[in-house]
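[1] can't give you the sequence, but here's the structure:
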């Protein structure tokens, strides 16, 4: 009897030791550089998304690369019956969701865990707190309104900045909100691509309270690459009886933007055990050609992503902003954006203050001045001239198509 008991104890100890050993092996970091092969970039992204607490992307969040020369112009109406059925199906299902917009913003984040809640609600500049509503309304020529018209309410966005990341979207977002008729959430919501499962009630709860003479703006730079976002957005527009939403797309020299995204990856790498390859090796495949599936390279093919959106929206719904001009002359660029959005001219040169130490403009409004985060404007690493030339030659035909469809030459060489 004693020997059986001893054998049982030894068996249990060995079993527990094996479990502990397996857990240690699974959690051990891998410091080896990732091989430059097909799919290595996606592997880096998945690791870094996990480290930063971002939700797992669906298969539709990453688009396969195939740049077509067809469909360069958007149809005025959706012609595909399958597409209309898909949108109507989403709209029909959304009717079953009761949309009640909470008066207190804290109620709208009950479904979120504390980490996500803190990330979204961390304040940068709350324009509603620093603005003088009466003087701004007078400056815009808004007539005296009734009590009902003057009621604060959360509204479905009139303007959405859909991208592109690492082009200056945050700067444009804060600049346009110096206009008293534009208000938006303090942080990126990313509802239509990453947080769609939280529901439309949560999304509307994230919107700021605005007056009838104001318009709501939302910024989520990842929308431009999401296959699901256009269809989901159209379904939501039908649900809220919105016939039009204006889309803002900020673009920048594609080579410079790709390097900037790489720097973002390096920053994320500091929080992980992933060893990132040098930019020169990361963007080229085994044959020394441009790796079109590498996310920094992929995202900079603006015309490809724009053509996909033009299957659902008209080119007239878009406003294009130059990331280079936001750095060099933000006032003139924001004037063009005001005009494109149909806003009354309001911003002046006094709203933009050049700071030589930082090399770009800071903002000033209502006696308050602020600059972009220190992470903006990082110094770019040196890239081999042969690799830079190869990338610029790769982007050249796509840039030309973008110039043609937007009617604007952004001057990239």
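    Done, it's in. Everything quoted here is computed from the prediction, not taken from an experiment.

[2] Run through the residues that contact residue 324.
    252-253, 410-411 (CB atoms under 8 Å, 6 or more residues apart in numbering). Glycine gets a C-beta too; all of them are placed from N, C-alpha and C.

[3] Kindly report the same for residue 181.
    For residue 181, counting by CB under 8 Å, 6+ apart, the contacting residues are 140, 213-215, 343-344, 346.

[4] Residue 198 contacts residue 191, doesn't it?
    Yes. Under the criterion of CB atoms under 8 Å, residue 198 makes contact with residue 191 at 7.2 Å.

[5] thinking again about what came up before, filter the contacts of residue 181 to the buried ones?
    Buried members of the contacts of residue 181, counted by 16 or more other CB atoms under 10 Å: 140, 213-215, 343, 346.

[6] quick one: which of those sit in strands?
    Using DSSP state E, residue 215 are the members of the buried ones among the contacts of residue 181 that sit in strands.

[7] follow-up on the earlier one: Throw the contacts of residue 181 into CSV and include pLDDT, thanks.
    Converted to CSV, the contacts of residue 181 look like this (pLDDT from 0 to 100):
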residue, pLDDT
140, 81
213, 92
214, 95
215, 97
343, 97
344, 95
346, 96
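
[8] now those in a markdown table, with distance to residue 335?
    Shown next, in a markdown table, are the contacts of residue 181 (distance: CB to CB, whole Å):
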| residue | distance to residue 335 |
| --- | --- |
| 140 | 16 |
| 213 | 21 |
| 214 | 20 |
| 215 | 18 |
| 343 | 10 |
| 344 | 12 |
| 346 | 10 |
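
[9] between residue 198 and residue 191, which one's more packed in?
    residue 191 (24 against 18; other CB atoms under 10 Å).

[10] Okay, helices next: where are they in the stretch 301-413 of the chain?
    Per DSSP state H, counting those that start in this stretch, the stretch 301-413 of the chain carries helices over the ranges 302-309, 323-328, 330-340, 385-406.

[11] for the third one, which positions count as buried?
    Right, helix 330-340. Neighbour-count burial for helix 330-340 flags 330, 333-334, 337-338 (criterion: 16+ other CB under 10 Å).

[12] picking that back up, between the helices of the stretch 301-413 of the chain, which gets nearest to residue 234?
    Closest to residue 234 of these, according to CB to CB: helix 302-309, at 11.0 Å.

[13] angle of the closest one against helix 385-406?
    Calculated by axes from the mean of the first three to the mean of the last three CA atoms, to 10 degrees, helix 302-309 forms an angle of 40 degrees with helix 385-406.

[14] Just give me how far helix 302-309 sits from the chain centre.
    15 Å (CA atoms, centre = their mean, to the nearest Å).

[15] For it, name the packing helices and strands.
    Contacts defined by 3 or more CB pairs under 8 Å, 6 or more residues apart in numbering; DSSP states H and E place helix 302-309 against strand 246-251, helix 385-406.

[16] Quick one, which of the ones you listed gets closest to residue 322.
    Among the helices and strands packed on helix 302-309, the nearest to residue 322 by CB to CB is strand 246-251 (6.8 Å).

[17] Can you name every helix or strand that the next helix or strand after that closest one contacts?
    Reading on from strand 246-251 to the C-terminus, the next helix or strand found by DSSP states H and E is helix 254-269. The elements that helix 254-269 packs onto, with contact taken as 3+ CB pairs under 8 Å, 6+ apart, are helix 40-51, helix 279-282, helix 295-299, helix 385-406.

[18] of these, which approaches residue 307 most closely?
    Comparing the helices and strands packed on helix 254-269 by CB to CB, helix 385-406 comes nearest, at 8.1 Å.

[19] buried stuff in the closest one?
    387-388, 390-391, 394-395, 398-399, 401-402, 405-406.

[20] can you pull the contacts of residue 158?
    Residue 158 makes contact with 215-217, 242, 245-246, according to CB under 8 Å, 6+ apart.

[21] what about 10 Å?
    Each residue near residue 158 by CB atoms under 10 Å, 6 or more residues apart in numbering is listed here: 181-182, 210, 214-218, 242, 244-246, 341-342.

[22] Output the below-cut-off pLDDT ranges for the stretch 1-150 of the chain.
    Applying pLDDT under 70 to the stretch 1-150 of the chain flags residues 1-2, 23, 25-132, 145-149.

[23] Nearest to residue 238, out of the helices of the stretch 301-413 of the chain?
    That would be helix 302-309 among the helices of the stretch 301-413 of the chain, by CB to CB, at 17.4 Å.

[24] tell me the angle the closest one makes with strand 246-251.
    Using the same axes, to 10 degrees: helix 302-309 against strand 246-251 is 160 degrees.

[25] Just the angle for helix 302-309 relative to helix 254-269, thanks.
    80 degrees.

[26] going forward can the numbers begin at 5, since that is how I track them
    Let's use 5 as the start, then, which means that last one is helix 306-313.

[27] what about helix 306-313, average pLDDT?
    Averaged over helix 306-313, pLDDT sits at 98.

[28] Any buried residues in that helix, and which?
    306-313.

[29] what about residue 359, distance to residue 254?
    Taking CB to CB, to the nearest Å as the measure, residue 359 falls 21 Å from residue 254.

[30] Over to residue 354?
    On the measure of CB to CB, residue 354 and residue 254 end up 23 Å apart.
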